[in-house]
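Asks: prediction below, plus the sequence it came from.
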Amino acid sequence: MSEGGGRTAHPVRRASETPRRPTMVDVARHAGVSIKTVSRVVNNEPNVQQQLIDRVLASVAELGFRRNHLARTLRSGQSTATIGLIIEGLANPFYSTIAAITAEAAAQHDTLLITASSEEDPQREQQLLRDLCSRRVDGLLVVPAGYDHSFLRPEVEMGTPVVFLDRPAGGLLADTVLLDNRGGTQAGVRRLLEHGHRRIGILLDSVAVYTMRERVGGAREALAEAGIAYDERLVAEGVHDPDTAAAAVAGMLGTSDPPTAFFSLNNRITVGVLQELWQRKSQVEVVGFDDFELSFLMPQRFTAVSYDTRQLARTAVDLLFQRIAGERSGPRTVTLPTTLVERGLP
C-alpha cells in the first residue's frame, strides 16, 4: 500500500454481516496509509505530513472510528481515569445519594465512574471487585457486603487505593469512613431514659451486619449506664422491612408487660413501627436510627438519629482521590457524627 496514492474503495457490507466497530486496520485501508501512520495521527504525534493527517481524519470521521482508551492505557501502564463504586442497591436512598455524590466528584476530576450493586451478596461483591481490578480502575469505593476482603491485598500492595464507607473491611487495612453508630444509638436511648422509659423495645435487622452490631452495642451501653438490664424479650431481630416491623410491634404490645417506647435501628423499620402505632392510635414514644425523605410528614412525632449522607460520600471520595494523587500515609478511619432531630407532624 502506498501512502502517496488516494483512498481505497470502502467495501460494501452485506446485509447478513454482523456490524462491528471499525479498527485502525480499517482506517488505514480506507485512507490508503499504514497502520503506523493512523496510530501517529490519532495519538497526536508530531512530524506527520498534513495531507496524511487530513486523509486519516477524514477516514476516521467517515468510518466512525473511536480509539480504545482503555486498551491504550493498559498497554502503557498509565491511569485509566476510572474509579469503581460497589454499593448494595440504588433503590435505597442512602446508596443512591452516595452514588450521586461520587459521580459529581468523579466528573470534577475528569474521571469515569463505574457503579455496581453487590445485592448484599459477598460472593457477588468479590466477583465485581475482581472484575473492576482487571479493568485497572484507578481506585475503589466499597460499601462492603462481605466479611473478608483480604483478596484485595495484592491490588492494594500494587498501588490501587481502596476506601470503605459505612462499614469497615474484613482482613484488610484500608481507609474507612464510618458513622458514629454506637454514639448515635447511645444518645437515642438516653433520650428515652430521660423521658422516664425503662422498658424499651429494640427492633433490628441482623447483628451479622456491622452497623447493627454497633447500634445494639450502643443501646446496651446506654442501658447499662442507667443500671437497666438488656432484656432479650424486648428485642426483635430479623426485622427486614416495614411489614415485619409492624408485626413485631404488634407482638410486643400484645404481651402482659409491653414496652413503653421503641427504638428502631434503621429507617425502614421506623416506618413500620410508626405505621402500626398510628393504626392503633398509640402515642408510644419512638426513636429511629436514620433520617429519611419526607420524615417530617409522618403522622406521628418521633426522634430520628440523623447524619449527613452527602458528607459521608464526599469524605470517602475526597480521600480516594487524595490517594490516587499520591498520598501515601497510613490507612485512616474517619468517624462522622450523628444528631437527634424531631420529625413528624406536630
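Replies: Looks like it came in fine.
Asks: show me where the protein has strands.
Replies: Secondary structure of the chain (DSSP state E): strands at 82-87, 112-117, 139-142, 162-165, 175-179, 200-203, 235-236, 261-264, 285-289, 302-306, 333-336, 339-343.
Asks: and those strands, which is most packed in?
Replies: For the strands of the chain, average neighbour numbers computed from mean count of other Cβ atoms under 10 Å are highest in strand 261-264, which has a mean of 28. Backbone N, C-alpha and C define where each C-beta goes, glycine included.
Asks: so which of the strands of the chain gets nearest R314?
Replies: Taking Cβ to Cβ as the criterion, strand 175-179 is the member of the strands of the chain that comes nearest to R314, at 9.4 Å.
Asks: and the closest one, what does it pack against?
Replies: Identification of packing neighbours for strand 175-179 by 3 or more Cβ pairs under 8 Å, 6 or more residues apart in numbering; DSSP states H and E yields strand 162-165, helix 309-324, strand 333-336.
Asks: quick one on the thing from earlier: can you put the strands of the chain in CSV and add mean pLDDT?
Replies: Compiled in CSV, those are given as follows (pLDDT from 0 to 100):
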stretch, mean pLDDT
strand 82-87, 96
strand 112-117, 95
strand 139-142, 97
strand 162-165, 97
strand 175-179, 98
strand 200-203, 98
strand 235-236, 96
strand 261-264, 98
strand 285-289, 97
strand 302-306, 97
strand 333-336, 98
strand 339-343, 96
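Asks: let me have those in CSV, extended by distance to S34.
Replies: As requested, those are exported to CSV (distance: least, Cβ to Cβ, whole Å):
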stretch, distance to S34
strand 82-87, 31
strand 112-117, 31
strand 139-142, 38
strand 162-165, 43
strand 175-179, 48
strand 200-203, 71
strand 235-236, 73
strand 261-264, 69
strand 285-289, 65
strand 302-306, 64
strand 333-336, 54
strand 339-343, 66
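Asks: and of those, who's closest to E276?
Replies: Shortest separation from E276 across the strands of the chain is recorded for strand 261-264, at 9.5 Å, computed as Cβ to Cβ.
Asks: so which of the strands of the chain comes closest to G326?
Replies: The closest approach between G326 and any of these, judged by Cβ to Cβ, belongs to strand 139-142 at 11.9 Å.
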